[in-house]
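Q: Below are the sequence and a predicted model for it; my questions follow.
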Amino acid sequence: MSETPPDRLSTDPKSPHCAPELLERGVGILFNGTEKTNVEEYCVSEGWIRVAAGTSRDRFGNPMTLKLKGKVEPYFKDGGDAAPAAEADEKA
């Protein structure tokens, strides 16, 4: 398996960008240098993430999401060097 996360990934099983094997492995997201734990979908090349908007639901029962634009840095949580460079700099 590749050591770099995909350009685009979604947690929604109906999405064509969903990859359950990668989600089981654990993917962390740094958004503008801050760890985000509530990301529903991300795209590195376009520079955006989708996060849940509170407890709001749409008419189909899916969570309402907000699209935030900025610098997206995905990483695998289970890798040998799981901490991304930005996070490692903060610890030093």
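A: Happy to help now that I have it.

Q: Model confidence at Glu73, what's the number?
A: Glu73 is assigned a pLDDT of 96 by the prediction.

Q: Now do it against Lys36, distance only.
A: 10 Å (C-beta to C-beta, to the nearest Å). Yep, even glycine has a C-beta here, placed from its N, CA and C like the rest.

Q: Which one's more surrounded, those two?
A: Glu73 (18 against 15; other C-beta atoms under 10 Å).

Q: Report the beta-bridge partner residues of the more buried one.
A: Leu30 (DSSP bridges).

Q: Give the pairing partners of the longest strand that the chain contains; include direction for each.
A: Secondary structure of the chain read by DSSP state E shows that its longest strand is strand 48-57. Strand pairing for strand 48-57, determined by DSSP bridges: strand 39-43 (antiparallel), strand 63-69 (antiparallel).

Q: From the rest of the structure, what touches that strand?
A: Strand 48-57 has contacts (C-beta atoms under 8 Å, 6 or more residues apart in numbering) with 29, 31, 36, 38-43, 63-70, 72.

Q: May I see the buried residues of that strand?
A: Buried residues in strand 48-57, counted by 16 or more other C-beta atoms under 10 Å: Trp48, Ile49, Arg50, Val51.
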